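Trainee: Provided below are the primary sequence and the corresponding predicted coordinates.
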Amino acid sequence: MGQTFVCNPATREFVELPQGSPNVSGGQRVAFGFDPWSGKYKVARYFFRSYSETPQADGQGTVLEYCIGHEILTIGDGADAWKWKATMDPPYAINARTPICLPGFFYWSALHSITGHGHSKVSSHVILRFSLHDETFTVHPNPPCRGFLSNNDMLCELGGKLCYVHSSSPWDVAIWLAEDGFSFCNWGLDFHFECCDLIISSFCALNILRWCAFACFGGTILMFVSIKNE
């Protein structure tokens, strides 16, 4: 694991966080958000103690073996501040995708299962919601549009809700919002549109776009398009 810093944009100060538990996986993401129950900001990270994907002997599938952990750090004063504390282990292997942070909760994309092998390998994903109140995980499905978080799709926050931006083709964008409860996560298709701008379409033809919704107000959604170097 490399160095991790927290930045205060008001003071432009950076604070280096202490090293967490060793991670055998090269991918790493960190969650940062506000805990309304303690009134403090917290950081969370996952780490793999071990991880392997082995093709089955018949070549028809993949055996996934891993051991994953999760820990949090509290920013502020107190005896427990600025120290990594182990939580319960995540029930599934967390993907190296940026987590979504809403007040009191962190949302991670996770690998549920793998079928097939090689070019025929298909992954199934779920969403893990980590509660800062009781430090437990609950498992929730992806929206019905897709069973895995593809490179063209993105989890984000929109209007204070968990949002899934789904692109079934480079020209087609659907925005799903979660009506979140304490033990459930119900998805609804709120917006859908097709990209028709000539310039944007020229990039879409190369399949190098990733859409993201980042603000919602007065019935208007602001979006940006990132060009992938792939």
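Mentor: Right, received. Where do you want to start?

Trainee: Would you mind checking which helix or strand in the chain has the lowest mean pLDDT?
Mentor: Least confident helix or strand, the chain: helix 198-204 with a mean of 42, by mean pLDDT, DSSP states H and E.

Trainee: Show me the shaky parts of the chain.
Mentor: 1, 59-60, 116-121, 170, 180-184, 195-230 (pLDDT under 70).

Trainee: Grab the most central residue of it for me.
Mentor: In the chain, the residue lying closest to the centroid (C-alpha atoms, centre = their mean) is Pro99, at 3.2 Å.

Trainee: how far away is the nearest residue to that one once chain neighbours are set aside from Ala10?
Mentor: Excluding its sequence neighbours, the residue lying closest to Pro99 (C-beta to C-beta, 6 or more residues apart in numbering) is Ala31, at 4.2 Å. In short, each C-beta sits where N, CA and C put it, glycine included. For Ala31, the distance to Ala10 equals 21 Å [C-beta to C-beta, to the nearest Å].

Trainee: Those two: which is more packed in?
Mentor: Using other C-beta atoms under 10 Å, the more surrounded residue of Ala31 and Ala10 is Ala31, with 21 against 6.

Trainee: and the more buried one, what are its bridge partners?
Mentor: Listed by DSSP bridges, the beta-bridge partners for Ala31 are Ala44.

Trainee: correct me, but it touches Arg97?
Mentor: No. With contact defined as C-beta atoms under 8 Å, Ala31 does not count as touching Arg97 (11.3 Å).
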